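**Student:** Sequence and predicted structure below; questions after.
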Amino acid sequence: MSFQPMTIEIIDQIRPMIVDLATRYRKSLRGCRYADIRVQVDEGQAAAAENGGSKHSTRDYTFAIGIRALSGNGMIAPGYFGQSLGAADLDRLAQVVKDGLRHAHHRALANAERKSATREGLDALGDALTSTSLAPIDIHQDTVPAQFEIDPRTVPLEELVALTTEVSRSALALDPHVKYTFISAYTLLTRELFCSSEGANIDQAFAMTQGTCFIVAHGASGTQELYDYMGHQRGWEVLTRGVHEESIRFPDFQAFSIGLANDAVSLCNARPLKPTNREAVVVTDPHYNTLLVHEIVGHPMELDRALKLETSYAGRSWLFRNMQEHQLGKPIASPLVSAFSDPSLPGYGHYKYDHEGTPATRVTHIDRGIFRGFMNSRQTAAILGVSPNGSYKATDASLVPLIRMSNTVFGPGERDPQEMIREIPHGYYLVGHRTPSIAESRENFRITAMKVYEIKNGQIGELFCNGGIMADTKDYLMQVDAVGNDFRLYPIPNCGKGQPMQTKRLGNGGPTMRSRARLTGISK
Amino acid sequence: MKSTAELAKAVEQALAYLKSAEQVTEAEVFAASNGNLLARLNYTSHIPCNGVEEPKSSESYGLGITAAFKTEAGVTVGFGSEPSDLGLDGVKRALEKARSGAVADPEFSSLPRPTGERRRLRRYHDPKLMKIRDEELVDVGWRVLRGSLKTFLDSPRLIELAGSRDRIKELGLIVGGDVTIQQERIAIASTAMPEVQTDESTLIMAFITAMVEAKASKGSGCSAGTRLDQFTDDAGVEAAQNALAAIGGERIPGGKYTVIFGRQPVADFLNNLILPSLSLGNFYSESSPFMGRLGKRVASSRLTLCDHGAQRGLMGSKGITCEGLPTGKTRLIQRGKLVGLLASYYEQQRILRDPRSREKLGVDPNEHGSAIVPRNGFRYWAGGGRQFGVQPGIASTNAVVQGGDQSLEELMATVKDGLLVGRIWYTYPINGLRAGDFTCTVVGDSYIIKDGRIVAPLKPNTVRINDNILSILSNIIGVGQEVKGTLVWAADEVVYTPEIAVRNVRLDEIASFVEEL
């Protein structure tokens, strides 16, 4: 039995047809002012093991399209269509895309009519309903290859099974305190085609490889459930050799998982941290700051949140009340703090163009304590009157893009992290992020750490479990008094946003930092 | 959307093929066709906007095959799926993926077998929702949005606050949320259960947030049903009314409070903390705070909770699970005692064979089979319905908290001095699920109670709850009478619950710097 395999090379075959549909066919849709078509093909492999037993493995593909139309006669409004496809759709793809374009266009037309009618019928409240526009961008035609050493498609599936099973087995066998291990791994190639009625024709490919480790250990202090992941936009070598780049460093997957299991064993026998009602000096390591910058800098810097589009879901931003009242140009952090989003950095947040064809741009969010700007899309940039900066990304082509972080990080400082600790008479050192909970407009956070060490007279002391910190965002950022020179980038594989919720991979990071916050611990 | 007849025919043909396929000793075919249509709203009176921001849809169909293979290395089991092809080519592709990915799972016993229970729910979908047109999708979005905006426009309070009707837009009126329509069709058969079963369900729901942002007031509204004809602008009206009622919110100092949790917070607790803790899979991995507690008290005797997947008219009801087994009522917590768990067939079978099962559950599962009946094996993924490309996991259907004997007014009288908390956010188990510690913030629909009466709204985003779910469950002092359905962002299950009053809830005041901005 033989089938035509479904591969990412299919993009080469369909590219002229998609260009034609986005440009020539779009013109046949009366009232359609703009359209774009995204096509995505993934080829990947995955395996999982539990307690040393293999549970699952797969080699498969995904194939999807997403379409946006801006249509209307006078008033313009958006409409969308998305569909998951299969190999069987290839012969009829032109018709499938045409049907999708018509659905998106009809929705946009109907939406424009209702918007116009509602604007007329709602007196003063109708004024805010305006015609949809996209800020202009330079239009590109480009092909961007994936970077990898070991092609994810060439790895025998048995190798993924063997690796996950062995890692799960050895982590379980490490220590009698370890009660449960779940280990998974995947490696894939993704290829994304973006074509618009403006003439954009962009083909980008990405490699992606990730290992995930979940450990449950039980000891004198109870149970510890630790979860962590390593990954990069590279091939299978990520898990077999680790990553040894300037800002991204991981051991191989086996060593990574054993390290996590060792931490779980130590923690399940460590005392729980006691919460405090007063602030303490806290030093946070780059891995902890990865989640911190994600939650208290990255998310409130997304312009769709600031413009209230996520009010019902992922929340707003305390940085922007309205067009007149906002924090742009004002101090929101210590002069030692800078933060930015940079898609040109390596890692999960790397890309050259976003999902509406805007070239990826480094966005400065905080420049030496001053708030400078948001990540945006063409539509939100037009509302704010600024240039698009290429931050509009979808998890899957069938879903509508959202404004997303790329590699959003705290910038590096100049201090030696060890010296930052040595200067502290009493404080706490938080190592590794665990679980976040953030206030709706990101004005307050509580984030737990994997490990919390007491610092006494400049020395690292006792290890505590179940600890973390809680603080108001602005107060915390303003009180940063030291920033390390040990900048690191880490992957975040599961950022949730939108409706239906899209879970996205992106990059975050930063150096070691020192500030003040209340300690959190167990609540019983 | 593919019809159930097309899905059933595909499953029948696939099973016939699999019965003679090389090395296949057991097989199951699951075909599904899903539509997820959504009109996402964004109205901002003070910022240019579209009103209905995203009328959109995402569709898929295909089939998935789980097969056990007899190989030289022993029995292996694999899963493969193929989108957009219900024909024999699709079956062959899916089978080859299952074969190439098959592993020797040491805990695999068999594919699902009949449980002895009978299916109770059939023909409960709305054909109109299955055929909704593009214009109708846009219309339901605008209907709900207009409901909110008319409520704002007609509010004397807003006119008074703004100075005139023309200026109420300056108060920063926001309406966000969505109307979502879910269309699901499935068919399933296996070598153990060869008769093809089909199931078809529809759901239309609206979840709306309205704000008077200049006054820091937020209100929520939701509605859900299974029929298009019954859909109104109620959710939009309710959200705007609740936003108006919340104007003038006050801060409170941190401390321990007696709190009446409204339906959304109870749903958030269930969705993020309690239901995962009642999943049999988390007992296997030793991650539940209820480890070893089956048959023992885990909550106040005022709390009774069940999962009911076969109740006609409830939003989360299904005729069969994605393992082809009948849905039904699973008693989870009965008057404070843990009596049952959410189970899939795979998890049920492996806990029965787990040498540490007595330690994990607290009882021998072989003697308590009725506590772990597999009525909750579903293939949900990313809010997109029952997916052919996903293997079954454990999910609740309708989580139903039994109503108590007190009206809301009587609950407030019981509380005397405390809080009515109507909406919380970002509720996570902060130190792992088993520890029970959680945190969240109060984001709207909340009020301060003094002398048994509401005296002022509680300002949103000014307090954080830091507590433990085991303490919350133990400290329940009252349960409301009126049970209603509610929805939680990104959750597959639907929660039916009354308000619940809890004493000694720990709150911390937060974000005072915002007052100075």
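**Tutor:** Cool, the structure landed. Numbering: from 1, shown residues only, chains lettered A, B, ... in the order given.

**Student:** When you work out contacts or count neighbours from here on, use the C-alpha atoms and nothing else.
**Tutor:** OK.

**Student:** Hmm, A:Glu149 is touching A:Glu237, no?
**Tutor:** Yes. Counting by CA atoms under 8 Å, A:Glu149 touches A:Glu237, with 6.7 Å between them.

**Student:** neighbour count winner among those two?
**Tutor:** Taking other CA atoms under 10 Å in any protein chain shown, A:Glu149 and A:Glu237 do not tie; A:Glu237 has more neighbours (18 against 11).

**Student:** and the more buried one, how far is that from B:Phe108?
**Tutor:** Distance of A:Glu237 to B:Phe108, computed by CA to CA, to the nearest Å: 31 Å.

**Student:** what residues go with each domain of the chain?
**Tutor:** As the question left the chain open, I've gone with chain A. Domain ranges of chain A: A:10-46+A:59-144, A:157-191+A:209-271, A:279-520, per automatic domain parsing.

**Student:** wait, I meant chain B there
**Tutor:** B:4-245, B:255-516.

**Student:** The last one near chain A anywhere?
**Tutor:** The one in question is domain B:255-516. Yes. On the criterion CA under 8 Å from any CA of the partner chain, domain B:255-516 is in touch with chain A at B:285-287, B:382-384, B:425-435, B:437-441, B:443, B:461, B:466-468, B:471, B:489-490, B:510-511, B:513-514.

**Student:** Please give me every residue in contact with A:Ser424.
**Tutor:** Rather than Ser, residue A:424 is Ile. Counting by CA atoms under 8 Å, 6 or more residues apart in numbering or on different chains, A:Ile424 touches A:Val281, A:Ile455, A:Lys456, A:Asn457, A:Gly458.

**Student:** Is it located within a helix, as I assumed?
**Tutor:** No. Counting by DSSP: H, G, I helix; E, B strand; the rest coil, one finds A:Ile424 to be coil, located in no helix.

**Student:** avg pLDDT for stretch B:96-103?
**Tutor:** Average pLDDT, stretch B:96-103: 97.

**Student:** Just checking that stretch against chain A, any contact.
**Tutor:** Yes. Stretch B:96-103 reaches chain A (CA under 8 Å from any CA) through B:Lys97, B:Ala98, B:Ser100, B:Gly101, B:Ala102, B:Val103.

**Student:** May I see these arranged in a markdown table, with neighbour count and secondary structure as well?
**Tutor:** Shown next, in a markdown table, are the residues of stretch B:96-103 next to chain A (neighbours: other CA atoms under 10 Å in any protein chain shown; DSSP: H, G, I helix; E, B strand; the rest coil):
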| residue | neighbour count | secondary structure |
| --- | --- | --- |
| B:Lys97 | 23 | helix |
| B:Ala98 | 27 | helix |
| B:Ser100 | 17 | helix |
| B:Gly101 | 24 | coil |
| B:Ala102 | 26 | coil |
| B:Val103 | 27 | strand |
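
**Student:** For chain A, state which of those residues is nearest.
**Tutor:** B:Gly101 (4.8 Å; CA to the nearest CA).

**Student:** I'd say the closest one and A:Ser54 touch.
**Tutor:** No. The criterion here is CA under 8 Å, and B:Gly101 misses it with A:Ser54 at 10.8 Å.

**Student:** how about low-confidence regions in the stretch 401-524 of chain A?
**Tutor:** The stretch 401-524 of chain A contains residues with pLDDT under 70 at A:524.

**Student:** Mind jotting down where the helices sit in it?
**Tutor:** Assigned by DSSP state H, counting those that start in this stretch, the stretch 401-524 of chain A shows helices spanning A:417-422, A:473-478.

**Student:** Return the most buried member of those helices.
**Tutor:** Across the helices of the stretch 401-524 of chain A, averaging neighbours per residue (mean count of other CA atoms under 10 Å in any protein chain shown) puts helix A:473-478 on top, at a mean of 21.

**Student:** From the rest of the structure, what touches it?
**Tutor:** A:296, A:332-334, A:337, A:369, A:442-445, A:515-517, B:511, B:513.

**Student:** biggest separation within those, which pair?
**Tutor:** A:Val337 and B:Ala511 (20.2 Å; CA to CA).

**Student:** the more surrounded of the two?
**Tutor:** Neighbours were counted for A:Val337 and for B:Ala511 using other CA under 10 Å; A:Val337 has more, 24 against 20.

**Student:** so that one touches A:Val480, yeah?
**Tutor:** Yes. Using CA under 8 Å, A:Val337 is in contact with A:Val480, at 7.3 Å.

**Student:** What are the boundaries of the helices in the stretch 251-400 of chain A?
**Tutor:** Going by DSSP H, counting those that start in this stretch, the stretch 251-400 of chain A shows helices at A:253-268, A:286-293, A:303-306, A:378-384.

**Student:** which residues of the chain score low on pLDDT?
**Tutor:** Since you didn't name a chain, this refers to chain A. For chain A (pLDDT under 70), the answer is A:1-4, A:524.

**Student:** actually chain B
**Tutor:** B:383-384, B:490.

**Student:** List the buried residues in the helix ranked longest in chain B.
**Tutor:** With secondary structure taken from DSSP state H, chain B has its longest helix at helix B:134-153. Residues of helix B:134-153 classed as buried by neighbour count (16 or more other CA atoms under 10 Å in any protein chain shown): B:134-135, B:137-149, B:151-153.

**Student:** same question, stretch A:60-75
**Tutor:** A:60-72, A:75.

**Student:** filter the residues you listed by proximity to chain B?
**Tutor:** Contacts with chain B within the buried residues of stretch A:60-75, as defined by CA under 8 Å from any CA: A:Asp60.

**Student:** From B:Gly62, how far out is B:Gly80?
**Tutor:** Distance from B:Gly80 to B:Gly62, by CA to CA: 11 Å.

**Student:** Between those two, which contacts overlap?
**Tutor:** B:Gly389.

**Student:** okay, how far is it across stretch B:334-341, tip to tip?
**Tutor:** End-to-end distance for stretch B:334-341, by CA to CA: 12 Å.

**Student:** Stretch B:163-173 too?
**Tutor:** End-to-end for stretch B:163-173, by CA to CA: 15 Å.

**Student:** same question, stretch B:374-386
**Tutor:** 17 Å.

**Student:** Go through it and flag the buried ones.
**Tutor:** B:Pro374, B:Arg375, B:Asn376, B:Gly377, B:Phe378, B:Arg379, B:Tyr380, B:Trp381, B:Gly383, B:Gly384, B:Gly385, B:Arg386.

**Student:** Which of the residues of domain B:255-516 next to chain A fall in helices?
**Tutor:** Using DSSP H, the subset of the residues of domain B:255-516 next to chain A located in helices is B:Ser471.

**Student:** Kindly give a single ChimeraX line that selects the buried subset of the residues of domain B:255-516 next to chain A.
**Tutor:** Buried residues within the residues of domain B:255-516 next to chain A, by 16+ other CA under 10 Å, are selected in ChimeraX with:
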select /B:285,286,287,383,384,425,426,427,428,429,430,431,432,433,434,435,437,438,439,440,441,443,461,466,467,468,471,489,490,510,511
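
**Student:** ok, how many other residues are close to the residue nearest to A:Thr212 when sequence neighbours are not counted?
**Tutor:** Closest residue to A:Thr212 apart from its sequence neighbours, by CA to CA, 6 or more residues apart in numbering or on different chains: A:Tyr229 at 4.3 Å. A total of 20 residues lie near A:Tyr229 under the criterion other CA under 10 Å.

**Student:** now the residue of chain B most remote from its centre: how far from B:Arg293?
**Tutor:** When each C-alpha in chain B is compared with the mean C-alpha position (CA atoms, centre = their mean), B:Glu72 comes out farthest, at 43.3 Å. Distance, B:Glu72 to B:Arg293, using CA to CA: 42 Å.

**Student:** For residue 70, pull up the helix or strand it's in.
**Tutor:** Answering for chain A, as no chain was given. Element membership for A:Leu70 (DSSP states H and E) is strand A:53-71.

**Student:** that's the wrong chain, I meant chain B
**Tutor:** Per DSSP H and E: strand B:51-71 holds B:Lys70.

**Student:** what about residue 40, which helix or strand?
**Tutor:** Let's take chain A. Per DSSP H and E: strand A:32-50 holds A:Gln40.

**Student:** Not quite, go with chain B.
**Tutor:** Counting by DSSP H and E, B:Arg40 is part of strand B:24-44.
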